[in-house]
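**Student:** This is the structure alone, sequence omitted:
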């Protein structure tokens, strides 16, 4: 044993000539049998390691200045199973927009309507609990049933009930904000939650933190883990932790990522974790939502697995939810006493007065003195418009968008105007310009807007809790399958890398489970949209240098079927239960097929892939 320790000390203290890259902040995860963990911890400390996480079956430690190759000298110890880099994990939010004023009444976020969550009643007695791994939850927000909320602190992050920024509070509100006549309402109003704070003061954490958190979620009795976070690089320890939770009957949900590319983010990329993308209020995919391929490997070794890519989407663009007290900014706009949607631009304060149309406000107009300037977007900067209004004697400004939708904007870093300025939607232009009096207000709020797959993830987590509360005999995997089977198809027909199976629909999933049971066997009669009622298999081969794919299917009821290759329709073919596709593209490739009943985008087969 002494010889092993000496060799280990030399390996760790020496420089590695191979020079493999250091882990994030020189942190490494060491998998070890729990009954031998004390020996390994003592050895790690003796060799300069700073223990950061003491998890179930592993520890995480920092070895300053050393790379993975040198730390792997620990494998000389028979109690060590694996050593790997401790990957960074960051919150998945893109940008914040502050709009609306829910301090006086309860507002329902658009994603609730879009996902049909308002059509299903949450059973508060079903024992559902969602474990939220994020930046903590602000204890001062009044929109939670605090008797239903518990939590754990992680190493170095502080109290779980002290916010580490608005992210965690915003996420928790989307899942379970109470139905209490103020603020917002969550997907599963008042659901029990267990909060684990993993993000440090700089706003990120590690894969070991998540692996440890998964075990804490289990100990807290959680059914669902919700993670609006991610990062690059897979990790065996992290993957095992979530696989264990899923295998025990739970459901793990995580964000696809916000870089708008095809990179696979983790932990969402693990098969045991349901990857969620983001769509907007118009059923369009968010431009930031990542879309990794469902195929891994190359050539004949390539495999297709829909559990490593986006499975469903939910509302994640301009999502209204809870904030730490006073940390958000809200705006309100009324014309002749009727409220209109608006967004705050700059300058807190209130202004009420006669409406004055100032066109695009490109110059001083003394007619605006003492009035609220109604201004069209265009030609000059927002700052110049508001400045010209104020220099004309205007007491407030409303800038109306010149394209569909709400105007979200600021006045720039050099803003020196003082009057409150808000944005308005093009759709409201006629009503606003025909009004006589305008009232605007900008102030602090406990509610605000964020965008990101971070916002879509808690929506799916809350919907899962909502549906599951009415079908408690099901496992997490069966709930996951039901959400996919009943998602509303968007984008390319059938499954695609952007939407996965489509936008989640709570009422449809609830009805599906009621009709078919947890296994989703379709014994309830009739075809359930999106339930893979058509069975498809493919076989690819080459003959004299040309590639062919034979398709075989059964279960289609129409006389013709629509056949899709890689999301593009090849055409409508006679329903003979077979078809041979000729690939004219030279070289290798991966070709994914789907068969749908004629003129249907919901009664479709499974995806089947042929690789060359």
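**Tutor:** Looks like it arrived, so ask away. Please read all numbers here as calculations on a predicted model, not as lab measurements.
**Student:** confidence score at the nearest residue to residue 250 once chain neighbours are set aside?
**Tutor:** Computed as CB to CB, 6 or more residues apart in numbering, the closest residue to residue 250 that is not its neighbour in sequence is residue 476, at 4.6 Å. Glycine gets a C-beta too; all of them are placed from N, C-alpha and C. At residue 476, the model reports a pLDDT of 96.
**Student:** Tell me who's in contact with residue 476.
**Tutor:** Counting by CB atoms under 8 Å, 6 or more residues apart in numbering, residue 476 makes contact with 223, 224, 246, 249, 250, 251, 252, 464, 468.
**Student:** Residue 568 versus the fourth one, what's the distance?
**Tutor:** What that stands for is residue 249. Residue 249 sits 39 Å away from residue 568, going by CB to CB, to the nearest Å.
**Student:** Can you pick out the residue with more neighbours from these two?
**Tutor:** Comparing residue 249 with residue 568 by neighbour count (other CB atoms under 10 Å), the higher total belongs to residue 249, at 12 against 8.
**Student:** Backbone dihedrals for the residue nearest the centre of the chain, both of them.
**Tutor:** Centroid-nearest residue in the chain: residue 453, 2.9 Å away (criterion: CA atoms, centre = their mean). With angles defined as degrees, to the nearest 10, residue 453 sits at phi -60, psi -20.
**Student:** what separates it from residue 584, distance-wise?
**Tutor:** Distance, residue 453 to residue 584, by CB to CB: 37 Å.
**Student:** next one: residue 209
**Tutor:** Relative to residue 584, residue 209 is positioned 50 Å away (CB to CB).
**Student:** Looking at these two now, which is surrounded by more residues?
**Tutor:** Taking neighbours as other CB under 10 Å, residue 209 and residue 584 compare with residue 209 leading, 29 against 6.
**Student:** In strands only, show me the contacts of residue 476.
**Tutor:** If you go by DSSP state E, those have 224, 251, 252 in strands.
**Student:** and of those, the nearest to residue 390?
**Tutor:** In terms of CB to CB, no member of the ones in strands among the contacts of residue 476 lies closer to residue 390 than residue 224, at 50.2 Å.
**Student:** isn't that closest one right up against residue 251?
**Tutor:** Yes. Contact criterion CB atoms under 8 Å: residue 224 and residue 251 qualify, at 4.9 Å.
**Student:** what pLDDT does residue 100 get?
**Tutor:** pLDDT at residue 100 comes out at 41.
**Student:** same deal with residue 523?
**Tutor:** 32.
**Student:** low pLDDT regions in the chain?
**Tutor:** 1-24, 74-75, 90-103, 154-155, 201, 300, 521-533, 586-588, 612 (pLDDT under 70).
**Student:** And the helices in it?
**Tutor:** 2-13, 37-46, 68-71, 110-114, 167-176, 207-219, 236-247, 382-391, 429-433, 453-468, 476-485, 506-516 (DSSP state H).
**Student:** same for the shortest one, what does it pack against?
**Tutor:** Same thing as helix 68-71. helix 2-13, strand 80-85 (3 or more CB pairs under 8 Å, 6 or more residues apart in numbering; DSSP states H and E).
**Student:** Can you list the strands that the shortest one pairs with?
**Tutor:** Right, strand 80-85. Strands that pair with strand 80-85, judged by DSSP bridges, come out as strand 27-32 (antiparallel).
**Student:** Can you check what angle separates the partner strand from helix 207-219?
**Tutor:** 50 degrees (axes from the mean of the first three to the mean of the last three CA atoms, to 10 degrees).
**Student:** List the buried residues of strand 27-32.
**Tutor:** 27, 28, 29, 30, 31, 32 (16 or more other CB atoms under 10 Å).
**Student:** ok, and what's touching it?
**Tutor:** For strand 27-32, contacts defined as CB under 8 Å, 6+ apart pick out 40, 44, 52, 57-63, 68, 71, 74, 79-86, 206-208, 211, 235-237.
**Student:** just the buried members of the residues you listed?
**Tutor:** Judged by neighbour count, with 16+ other CB under 10 Å as the criterion, the buried members of these are 40, 44, 52, 57-63, 68, 71, 74, 79-80, 83-86, 206-208, 211, 235-237.
**Student:** Verify the stated contact: residue 227 with residue 267.
**Tutor:** Yes. Judged on CB under 8 Å, residue 227 makes contact with residue 267 at a distance of 6.3 Å.
**Student:** Check the buried residues of strand 27-32 against residue 437 and report the nearest one.
**Tutor:** Checking the buried residues of strand 27-32 against residue 437 by CB to CB gives residue 27 as the nearest, at 60.1 Å.
**Student:** Could you report the separation of the closest one from residue 156?
**Tutor:** 12 Å.
**Student:** And the contacts of residue 476, which of them are buried?
**Tutor:** Buried by 16+ other CB under 10 Å: 223, 224, 246, 250, 251, 252, 464, 468, out of these.
**Student:** Can you measure across stretch 415-432, start residue to end residue?
**Tutor:** 26 Å (CA to CA, to the nearest Å).
**Student:** For the remainder of this discussion, apply numbering that starts at 3.
**Tutor:** I'll keep to 3 as the first residue from here, and by that count the last item is stretch 417-434.
**Student:** what touches both of residue 29 and residue 158?
**Tutor:** Here residue 29 and residue 158 share the contacting residues residue 54, scored by CB under 8 Å, 6+ apart.
**Student:** gap between stretch 267-278 and the chain center?
**Tutor:** Taking CA atoms, centre = their mean, to the nearest Å, one finds stretch 267-278 lying 11 Å from the centre of the chain it belongs to.
**Student:** how many other residues sit next to the nearest residue to residue 277 once chain neighbours are set aside?
**Tutor:** Leaving aside its sequence neighbours, residue 277 sits nearest to residue 270 (CB to CB, 6+ apart; 4.0 Å). Counted with other CB under 10 Å, the neighbours of residue 270 add up to 29.
**Student:** what's the answer for residue 289, then?
**Tutor:** Per other CB under 10 Å, the neighbour tally for residue 289 reads 11.
**Student:** nearest residue to it other than its sequence neighbours?
**Tutor:** Nearest in space to residue 289, with sequence neighbours left out and distances taken as CB to CB, 6+ apart, is residue 262 at 5.6 Å.
**Student:** Then residue 573?
**Tutor:** Nearest non-adjacent residue to residue 573, counting by CB to CB, 6+ apart: residue 565, 6.6 Å away.
**Student:** Then residue 473?
**Tutor:** Counting by CB to CB, 6+ apart, residue 515 is the residue found nearest to residue 473 once chain neighbours are left out, at 4.6 Å.
**Student:** Let me know whether residue 228 touches residue 134 as I believe.
**Tutor:** Yes. Between residue 228 and residue 134 a contact is recorded at 5.2 Å, counting by CB under 8 Å.
**Student:** shared neighbours of the two, which are they?
**Tutor:** Common neighbours of residue 228 and residue 134, counting by CB under 8 Å, 6+ apart, are 173, 177, 460, 463.
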